[in-house]
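Asker: here's a sequence, model it:
(4 chains)
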Protein chains: 2
Amino acid sequence: MREIAAAAGVSPMTVSRVLNKRPDVAPGTRHKIEQLVAESGFVRSRAATAMRKGRHGLIDLVVLSLDSPYILEIIRGVEEALEPTGFRLVISATNGEDQRERQWLAKISDGWTDGAILVLAQGQSARLQALRRRGTPFVVVDHQGELGPHIPSVGATNWAGARSATEYLLSLGHRRIAFIGGSPTLGCAQERASGFRAALEAAGLVPEPDLVRPGTFMHESGYEQTLALLDLPRPPTAIFAGNDTMAFGCYSALRERGVTVPDAISVIGFDDVLVAPLVIPPLTTVRQPLADMGRFAVSMLQRLIDGRPLDAVRVELATSLVVRDSCAAPAPPKRPRP
Amino acid sequence: MREIAAAAGVSPMTVSRVLNKRPDVAPGTRHKIEQLVAESGFVRSRAATAMRKGRHGLIDLVVLSLDSPYILEIIRGVEEALEPTGFRLVISATNGEDQRERQWLAKISDGWTDGAILVLAQGQSARLQALRRRGTPFVVVDHQGELGPHIPSVGATNWAGARSATEYLLSLGHRRIAFIGGSPTLGCAQERASGFRAALEAAGLVPEPDLVRPGTFMHESGYEQTLALLDLPRPPTAIFAGNDTMAFGCYSALRERGVTVPDAISVIGFDDVLVAPLVIPPLTTVRQPLADMGRFAVSMLQRLIDGRPLDAVRVELATSLVVRDSCAAPAPPKRPRP
DNA sequence: GCGTTCACCGTTAGCGTTAACGGAATTACA
DNA sequence: TGTAATTCCGTTAACGCTAACGGTGAACGC
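Answerer: Predicted coordinates for the structure are as follows:
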């Protein structure tokens, strides 16, 4: 910078002003400096700028794990939204290890990043409040547990999505619909279960306890619960899995038992992960706009960083039903009525 | 740091020495300072350290796109390997846009990051050489095109993997094996095709031109080529898809035509993406150790950053055959021989 | 007693940038 | 013409840390 300044016959301060697009520089001087900068290919040391300004140009994305394609969608949205802002995306995974979770708190709050987007499964209220106290701007995405008050977050309309999925099954004629939930400690799982119940009740049906099963959002649990459902005296005609991964577990179990989808039983999922259209039969599911959620989180975070007010502390983006081939009208009962 | 120093009754320099684990500090002093640091939760300003040392503690991971679960595996490996090193992972995607690709070059080479891991599909020899000239350490992962000389890279044994997949099909008794290749411009696609041919020839078979089809690594191309194969006068008894995504395309086409896997036709893929075990039937495929490749890239990069010599400029990690349920012996011919 | 070596620690200075202030030149206005 | 406001730019001093060097005291050898 000194060199540029010398070449332009001004002080480094003036160069700094030009680079920061400050108004108080004469147009001629500005132009000359800009030209010199362009010619020399000069770039400011970010480290020095960061030290001086206290801004690093880095956004942390902290995720629970990098195991699921689900997270990739969010990353994609965040990356896209961040790209034009000049901020750079720093990714770290906690893998649920307590030690690492402490570490990110330390890392984030040491002024090393300018803001954070957190995608964490379990409630971390205490840690989140600690972060808040430190003044680090952050946004929680798809938080699936109890949040403390005033924690900015982005989610999806889990309740409405689950209801519409259930309504769709009802509209096909299903009456015995099973539901395999996610981990009951997670907020989104509760919302989906609740949406499911609401739809049934709106149709004048009572959810049968046998047909509402707990799950873990993992493949195995979809598999196991489906086997259990098939062993029931009166198995369901449709299964609503709390997420796509469990729906794939259903597929596995149904295949093992020789039950065809959707002829003998219908399956519907939640999330619309990338492979949902690729499995056989292509999975009908409730699309969660994960990339959009990531994008939205970025825009909220920007506001927080800039000190602008938020329109809303909690934002829920709309889910949508994606109809593919895994649902059909229920198989006719043994004594078909014409 | 000043405060810590004051509390310990030493100068900030001594604190710095302790934090940098320098040897020339009396054990007692060191212990006291360590304790004070732990108590106060003090963390050094990375910006200041970065400025002073010229190291930022950031590693760039530049990927072509964040669309495929394939990339997630690599990210996971890189993240895991990077975690204990204290380096932080910065992710950016070029999405194949020329402008962005120029940008990462600029960003990486402006001293902002300490090194880069590049996962780029197409040959970018010119850019890579430019990076090299700037002296930024970098490693290329799974590069699928022509690399310039002396470019450190990590890949997989595509040729051997394809050969073993083919040998497996041969061992099951298949003789009419189709191959759906990846984009012919990509090195890994060429290698896989070549491995396929080698296995056939080793078995004394000649690849039939009709059964060796071009592809694009995308789902559609697996689908279309499979339909074309089925329309052949003598369709194959097995299909080797150049990657898992295309194998899923095969599944779709086969299902549409009512051809069952693996009874009527066997399908084998390449990559072993996360969903490969979840589809129905679970896909037999060649596992590419993507996470390991990411990890290995990190260790290579570390050496480069530290100025240590590399054991090898090009490293290829072993692929392995993962047998699941999508392959079986070929259906008996019309006139079964006892 | 004096030099030498070693272990430990402090001082100085500066990394590259910018906030804050101030000063000079120019313009605006009474 | 004088004063105030405005525009433009330079000076100073940090931001938090550490490289390089220097200094102190103790231990040791001659």
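Asker: what residues does stretch A:272-279 touch?
Answerer: Contacts with stretch A:272-279, where a contact means C-beta atoms under 8 Å, 6 or more residues apart in numbering or on different chains, come from A:68-70, A:72-73, A:244-245, A:248, A:251, A:269, A:282-283, A:285-288, A:322, A:324, B:67-69, B:219, B:245, B:248-249, B:251-252, B:275, B:278-280. No exception for glycine: its C-beta is placed from N, CA and C like everyone else's.
Asker: among these, which ones are in helices?
Answerer: A:69-70, A:72-73, A:244-245, A:248, A:251, B:69, B:219, B:245, B:248-249, B:251-252 (DSSP state H).
Asker: among these, who's most crowded?
Answerer: residue A:244 (30 neighbours; other C-beta atoms under 10 Å in any protein chain shown).
Asker: ok, and the closest non-adjacent residue to that one?
Answerer: Nearest non-adjacent residue to residue A:244, counting by C-beta to C-beta, 6 or more residues apart in numbering or on different chains: residue A:269, 4.0 Å away.
Asker: equivalent analysis for residue A:16, please.
Answerer: residue A:1 is the one closest to residue A:16 (C-beta to C-beta, 6+ apart), at 6.9 Å.
Asker: where does the one you found land on pLDDT?
Answerer: Listed pLDDT for residue A:1 reads 85.
Asker: kindly report the same for residue A:114.
Answerer: 86.
Asker: quick one: it and residue A:87 touch, right?
Answerer: Yes: assessed by C-beta atoms under 8 Å, residue A:114 is found in contact with residue A:87 at 7.1 Å.
Asker: please enumerate the shared neighbours of these two.
Answerer: A:57, A:58, A:59.
Asker: so which of those residues is the most crowded?
Answerer: Of the shared contacts of residue A:114 and residue A:87, with other C-beta under 10 Å as the count, residue A:59 tops at 28 neighbours.
Asker: specify the beta-bridge partners of it.
Answerer: Counting by DSSP bridges, residue A:59 is bridged to residue A:89, residue A:115.
Asker: spatially, what comes nearest to residue A:292 if we skip its sequence neighbours?
Answerer: Residue A:292 sits nearest to residue A:317 (C-beta to C-beta, 6+ apart), 5.6 Å away.
Asker: what's around the one you found, how many residues?
Answerer: So residue A:317, with other C-beta under 10 Å, has 17 neighbours.
Asker: who are the contact partners of it?
Answerer: Contacts of residue A:317 by C-beta under 8 Å, 6+ apart are A:154, A:155, A:156, A:157, A:289, A:292, A:293, A:296.
Asker: and the residues you listed as CSV, adding neighbour count and secondary structure?
Answerer: Putting those into CSV (neighbours: other C-beta atoms under 10 Å in any protein chain shown; DSSP: H, G, I helix; E, B strand; the rest coil) gives the following:
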residue, neighbour count, secondary structure
A:154, 27, strand
A:155, 21, strand
A:156, 26, strand
A:157, 19, coil
A:289, 18, coil
A:292, 17, helix
A:293, 25, helix
A:296, 21, helix
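Asker: any chance of these in JSON lines, with pLDDT and distance to residue B:34 too?
Answerer: Below are the contacts of residue A:317 laid out as JSON lines (pLDDT from 0 to 100; distance: C-beta to C-beta, whole Å):
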{"residue": "A:154", "pLDDT": "94", "distance to residue B:34": "40"}
{"residue": "A:155", "pLDDT": "92", "distance to residue B:34": "42"}
{"residue": "A:156", "pLDDT": "94", "distance to residue B:34": "46"}
{"residue": "A:157", "pLDDT": "95", "distance to residue B:34": "50"}
{"residue": "A:289", "pLDDT": "94", "distance to residue B:34": "48"}
{"residue": "A:292", "pLDDT": "96", "distance to residue B:34": "46"}
{"residue": "A:293", "pLDDT": "96", "distance to residue B:34": "42"}
{"residue": "A:296", "pLDDT": "96", "distance to residue B:34": "43"}
